[in-house]
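[1] Give me a 3D structure for the following:
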Amino acid sequence: MKKRIVTLCLLLFGALIGLQSCDDEKNITFDKLPQTARQFIGNYFPDQTVNRTRQEKDNGIVSYEVRLTDGTEIDFNAAGEWQHIDRPFGIIPDEIVPQAILNDLAGRYPEARVHEIEKELGGYEIGIGNGLELYYTTEGVFIREER
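    Next up, the predicted model:
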């Protein structure tokens, strides 16, 4: 009986700790996004409407996720700077992709179009829609490709 009580207490304690570490996510209205994020969407995706806007808080770090009517998903940091863009049914505007990367893509994969881009520590990960993920430094120097 004593073992059962101890086990139950440990399970309850673990559940409480698990609940405290849960991410805090909530849907918000478009006007609650940082101004930088709102301007970015207006500048680069003017023909799209926002379907969903979500604020996420993970370990005290706020970020935002926006989904557009064409299926495009854009992740922003707390300052409203884009971190990840996934456009499965369209092409990411060239103005978003660093010019050095566009220049390299033109020579390395002339027919490729960028459908996904993510800022990573020290560079970018680029998805060109044929199963290839390309990695570049922050300066746009090609590092490697992966399937």
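[2] C-alpha only now, for contacts and for neighbours.
    Fine.
[3] just the strands in this structure please.
    24-27, 50-58, 61-68, 73-77, 82-86, 116-120, 123-127, 133-137, 142-146 (DSSP state E).
[4] Would you mind listing the buried residues in the first one?
    Burial within strand 24-27, assessed by neighbour count using 16 or more other Cα atoms under 10 Å, is assigned to no residue.
[5] Give the rounded mean pLDDT of that strand.
    What strand 24-27 shows for mean pLDDT is 94.
[6] ok, residues contacting that strand?
    Outside strand 24-27, the residues within contact range by Cα atoms under 8 Å, 6 or more residues apart in numbering are 52-58.
[7] Go again with 6 Å.
    With contact meaning Cα atoms under 6 Å, 6 or more residues apart in numbering, strand 24-27 is reached by 53-57.
[8] ok, now the third one?
    By Cα under 6 Å, 6+ apart, the surrounding residues in contact with strand 61-68 are 49-56, 73-78.
[9] Can I get the buried part of the residues you listed as one ChimeraX selection?
    Those of the contacts of strand 61-68 that count as buried under 16+ other Cα under 10 Å are selected in ChimeraX with:
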select :50,53,54,55,56,73,74,75,76,77,78
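[10] which of the contacts of strand 61-68 lies closest to I117?
    Nearest to I117 among the contacts of strand 61-68: I74, at 9.8 Å, using Cα to Cα.
[11] Surely that closest one is in contact with R87?
    No: the criterion here is Cα atoms under 6 Å, and I74 misses it with R87 at 8.5 Å.
[12] list the contacts for A100?
    G140.
[13] got the strands of the chain as JSON lines, with distance to A106 columns?
    Below are the strands of the chain laid out as JSON lines (distance: least, Cα to Cα, whole Å):
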{"stretch": "strand 24-27", "distance to A106": "39"}
{"stretch": "strand 50-58", "distance to A106": "31"}
{"stretch": "strand 61-68", "distance to A106": "28"}
{"stretch": "strand 73-77", "distance to A106": "25"}
{"stretch": "strand 82-86", "distance to A106": "20"}
{"stretch": "strand 116-120", "distance to A106": "16"}
{"stretch": "strand 123-127", "distance to A106": "14"}
{"stretch": "strand 133-137", "distance to A106": "13"}
{"stretch": "strand 142-146", "distance to A106": "12"}
